[in-house]
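# Predicted model and sequence follow; I will ask about them next.
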2 protein chains.
Amino acid sequence: MRPKLPSIQTVARHAGVSIATVSNVLGGRRAVAPELAARVRAAVEELGYIADGAASRLRSRQSRIVGVVVPTLANPFFGSLVAALEVAARADGYDLLVASSADDPVQEAARLRALLAWRPAGLIITPCDDEFAARALAVSAGVPVVVADRVPEAPGFDVVAVDNAAAAATIGRHLVEAGRRRILLVASAFSIGNVRERAAALRREVAGTGVELEVTEVGHDLAEARAALDQRLRCAPLPDAVFALTNILTLAAFGAITARGLAIPQALALVGFDDDAWMQAVTPAVSAVDQPVGALAAAAWARLVARMAGDATPPLEVRLPCRVEFRASSRAEAAPAGPGLCAA
Amino acid sequence: MRPKLPSIQTVARHAGVSIATVSNVLGGRRAVAPELAARVRAAVEELGYIADGAASRLRSRQSRIVGVVVPTLANPFFGSLVAALEVAARADGYDLLVASSADDPVQEAARLRALLAWRPAGLIITPCDDEFAARALAVSAGVPVVVADRVPEAPGFDVVAVDNAAAAATIGRHLVEAGRRRILLVASAFSIGNVRERAAALRREVAGTGVELEVTEVGHDLAEARAALDQRLRCAPLPDAVFALTNILTLAAFGAITARGLAIPQALALVGFDDDAWMQAVTPAVSAVDQPVGALAAAAWARLVARMAGDATPPLEVRLPCRVEFRASSRAEAAPAGPGLCAA
DNA sequence: AGGATGCTATAAAACGTTTTACAGCAACCA
DNA sequence: TGGTTGCTGTAAAACGTTTTATAGCATCCT
């Protein structure tokens, strides 16, 4: 019923050669007489032939697919990560099979199974919690796995993540030096290693400085986080600094603070993890930790390529430094009087 | 060298049955004695067997893959679109092969070819320009294609898009009624049908009202758009309303306007296409056209499912209404004194 | 000159699955 | 009772490739 796509058979007949010759021309594995090669290429062109990747993989037993699992593509951080991975993958001739777990371990496992059905050459995963290790091991018999942007409890995987501790410590020092005395740490979920690392580093940094550290766990959802923060900012004592651990939480905090009429940075400093375009455009611009998505993707891909090439050395943990963008929202001195003057 | 995954052979031997029986148990196509079925299922469980999707597709000639091409996953609009598509696809037992074109027709064609190599059952595409039609037709011999969120020139595809004209007209009326007299329309690229539709509808709406309409084309890139707008806002006559046609351009406009110290909405109203989370959180909140991503994805998927099921009726064009979120940034009266000093 | 040696084209096997065709067997009906 | 029917299990073919083995044919060397 559908007009069948041309197969290698069709091309071979059309060019008057055997299918092996067509395969050799296209794959470039063995020498073919120039004249025959030209005929084959002409036939390919004319028929619009595209080799069936599945059949090819089946026979050659080497896969040009890499599976990617992220919590959600709706978050631009993961979107950018996947976009960067795709560029790297394409450069090496791989295709990406993308799936998202919706921050649900059950769905994550299901996606993983579905991905494995395509016999990918490797997997790059941002697990949605830390018990991931066991599940993946059970399921991914022998397929190289690189964990990106997360730090699973159990070892056994290559990990490419960000130096959370250093970044959080920098922020902590910055806030303390700016004279902040009461920091509110807004975390998504402590089931995520990143979050624990950031919180721990901040706690360590402010320890002994007399700064009070309050921690709140508000989940991943913007609306819920916003509601929680609205609530918190209605009660004394108000913090004089807010450190939000994701871009979404930073947005929630920014909204809650300005809606409450609290002046940033005079009444309250605001710093976020995960720099996003809007943070530079608002007034005052929001200080943020810029996670190097591109570098993260590149490093993860490099690790995976090494593994796919047979590297059997013990699992590696790569940590990439973050750049902290200090902007107006966390300045110690009085902020510039108003929007108009900023540009002046 | 890698520990081979178990094949249907392995399972069959392990359960003491033929491979056909295993296939029948798993596929549920023919009746199998309960006792044998149980043995098979036990073996599958024990070995962690996952059927090879490629081999399965090859033989059965029916694909459970759908290819998706978007301009970029880094834009949360497309990220959300893909996320929503993935949910719909999974519900019907399909996997998504995602590729991005980086707004480049050449790459788009390349991605399309790569996708076709996996013999997808269908394609959902957001083309990056309007000459897409010919290329896709040439290349996608007989594979159903649904165009999402874009309106290609040439017919021949199912199209699921947004009612750009209605939304833009609503915005136009709103601005005119609010007494704005000089509207600056910030467009990305007129090679995109959406952009032309929006611009045309706005032009139509303000025609004869004495409102002056200025149009500028600034591309897709945030930094470049910002630079262009910075430049424009340095010159008289200043517009008293800005209508930006994408979320990125809205951000660029918001940044340029506030950096220049122009008060929103007193000096200048701002309205954007493509509502984004930050638009509600900033002060003043930015009015925006909310594109129904979820509905868009659902409609596109429904169309594709119909086509994959063999529907051969003429191409359909589905238009989904947008909700316009009127917020403080485009109010006629003085903005509320409220939250920040910015607004004062 | 004649056997060894490259070189290139092809036939056939193989990959892991689904499907088709058939075989065995019990039940059924006249 | 003997043939038809229905049910269930299996062998074998098929899907579109790549790979291996083989065959044909020059060329080279002695």
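Ah, there it is.

# Residue A:25 contacts residue A:40, correct?
Yes. Residue A:25 is within contact range of residue A:40, at 4.3 Å (criterion: Cβ atoms under 8 Å). C-beta here means a position set from N, CA and C on the backbone, and glycine is covered the same way.

# who touches both of those two?
Overlap between the contact sets of residue A:25 and residue A:40, as judged by Cβ atoms under 8 Å, 6 or more residues apart in numbering or on different chains, is given by residue A:32.

# how about the strands of chain A, start to end?
Using DSSP state E, the strands of chain A run over A:65-70, A:95-100, A:122-125, A:145-148, A:158-162, A:182-187, A:212-217, A:241-244, A:269-273, A:287-290, A:317-320, A:323-325.

# partners of the fifth one in the sheet?
Within its sheet, strand A:158-162 is paired with strand A:145-148 (parallel), strand A:317-320 (parallel), according to DSSP bridges.

# Show me what counts as buried in the last one.
Within strand A:317-320, the residues scored as buried using 16 or more other Cβ atoms under 10 Å in any protein chain shown are A:318, A:320.

# hmm, who's touching it?
A:158, A:159, A:160, A:161, A:162, A:163, A:292, A:295, A:296, A:299, A:303.

# Over to the first one?
Defining contact as Cβ under 8 Å, 6+ apart, one finds that strand A:145-148 is touched by A:81, A:122-127, A:132, A:136, A:157-161, A:296-297, A:300, A:303-304, A:307.

# Let's see that with 6 Å instead.
A:123, A:124, A:125, A:126, A:136, A:157, A:158, A:159, A:160, A:300, A:303, A:304 (Cβ atoms under 6 Å, 6 or more residues apart in numbering or on different chains).

# Specify which member of those is nearest to DNA strand D.
Set against DNA strand D, the nearest of the contacts of strand A:145-148 by Cβ to the nearest atom of the strand is residue A:304 (21.2 Å).

# my guess is the closest one contacts residue A:122, does it?
Yes. Here residue A:304 reaches residue A:122: they are 4.6 Å apart, a contact under Cβ atoms under 6 Å.

# So between the two, which is more surrounded?
Using other Cβ atoms under 10 Å in any protein chain shown, the more surrounded residue of residue A:304 and residue A:122 is residue A:304, with 27 against 22.

# Show the contacting residues for that one.
A:122, A:124, A:146 are the contacts of residue A:304 under Cβ under 6 Å, 6+ apart.

# so where's the stretch 1-150 of chain A shaky on pLDDT?
A:1-3, A:133-134, A:136-140 (pLDDT under 70).

# How about the residues of it by DNA strand D?
If contact is defined as Cβ under 7 Å from any atom of the strand, the residues of the stretch 1-150 of chain A in contact with DNA strand D are A:4, A:7-9, A:19-20, A:23-24, A:26-27, A:29-30, A:49, A:51-52, A:55-56, A:58-60, A:62.

# Mark which of the residues you listed are buried, thanks.
Among these, those scoring as buried are A:7, A:8, A:23, A:24, A:26, A:49, A:51, A:52, A:55, A:56, A:58 (criterion: 16+ other Cβ under 10 Å).

# Can you narrow those down to the ones near DNA strand C?
Contacts with DNA strand C within those, as defined by Cβ under 7 Å from any atom of the strand: A:24, A:55, A:58.

# which one of the residues you listed sits closest to residue B:142?
Distance from residue B:142 was checked for each of these by Cβ to Cβ. The minimum falls on residue A:55, at 18.1 Å.

# State the distance from the closest residue to that closest one other than its chain neighbours to residue A:52.
Excluding the flanking residues, the one nearest residue A:55 by Cβ to Cβ, 6 or more residues apart in numbering or on different chains is residue B:58, at 5.6 Å. From residue B:58 over to residue A:52 the distance is 7 Å, taken as Cβ to Cβ, to the nearest Å.

# wait, residue A:107 sits on residue A:99?
No. The pair residue A:107 and residue A:99 fails to qualify as a contact (Cβ under 6 Å) at a distance of 8.8 Å.

# So which of the two has more stuff around it?
residue A:99 (22 against 18).

# Could you check how many residues crowd around the closest residue to the more buried one other than its chain neighbours?
Spatially, and ignoring its direct neighbours in sequence, residue A:99 is nearest to residue A:111 (3.9 Å; Cβ to Cβ, 6+ apart). As a burial measure, residue A:111 scores 25 neighbours (other Cβ under 10 Å).

# Likewise for residue A:91?
By other Cβ under 10 Å, 9 other residues sit near residue A:91.

# How about the one 5 residues further on?
Number of residues near residue A:96 (other Cβ under 10 Å) recorded here: 22.

# So what pairs up with it in the strands?
The residues paired with residue A:96 through beta bridges, assigned by DSSP bridges, are residue A:66.

# quick one: it and residue A:88 touch, right?
No. Counting by Cβ under 6 Å, no contact exists between residue A:96 and residue A:88, whose distance comes to 9.5 Å.

# list the contacts for the nearest residue to residue A:180 once chain neighbours are set aside?
Closest residue in space to residue A:180, ignoring its immediate chain neighbours: residue A:241 at 3.9 Å, by Cβ to Cβ, 6+ apart. Going by Cβ under 6 Å, 6+ apart, residue A:241 touches A:175, A:180, A:183, A:269.

# got a pLDDT number for the first one?
Translated: residue A:175. Residue A:175 is assigned a predicted lDDT (pLDDT) of 96.

# for the third one, same thing?
According to the per-residue confidence, residue A:183 scores 97 in pLDDT.

# what bits of the stretch 201-344 of chain A have low per-residue confidence?
When the per-residue scores of the stretch 201-344 of chain A are filtered using pLDDT under 70, the ranges that remain are A:333-344.

# if we go to 90?
Within the stretch 201-344 of chain A, the stretches with pLDDT under 90 are A:236, A:283, A:332-344.

# so where do the helices sit in it?
Taking DSSP state H, counting those that start in this stretch as the test, the helices found in the stretch 201-344 of chain A are A:222-233, A:247-259, A:277-281, A:293-308, A:339-342.

# Out of those, the one nearest DNA strand D is which?
helix A:293-308 (15.6 Å).

# Strand A:65-70 and the closest one, what's the angle between them?
Per axes from the mean of the first three to the mean of the last three Cα atoms, to 10 degrees, the angle that helix A:293-308 makes with strand A:65-70 is 140 degrees.

# got the buried residues for helix A:293-308?
Going by neighbour count (16+ other Cβ under 10 Å), the buried part of helix A:293-308 is A:293, A:295-301, A:303-308.

# could I get these as JSON lines with distance to residue B:194?
Compiled in JSON lines, the buried residues of helix A:293-308 are given as follows (distance: Cβ to Cβ, whole Å):
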{"residue": "A:293", "distance to residue B:194": "27"}
{"residue": "A:295", "distance to residue B:194": "34"}
{"residue": "A:296", "distance to residue B:194": "32"}
{"residue": "A:297", "distance to residue B:194": "29"}
{"residue": "A:298", "distance to residue B:194": "33"}
{"residue": "A:299", "distance to residue B:194": "37"}
{"residue": "A:300", "distance to residue B:194": "34"}
{"residue": "A:301", "distance to residue B:194": "33"}
{"residue": "A:303", "distance to residue B:194": "40"}
{"residue": "A:304", "distance to residue B:194": "37"}
{"residue": "A:305", "distance to residue B:194": "38"}
{"residue": "A:306", "distance to residue B:194": "43"}
{"residue": "A:307", "distance to residue B:194": "42"}
{"residue": "A:308", "distance to residue B:194": "40"}
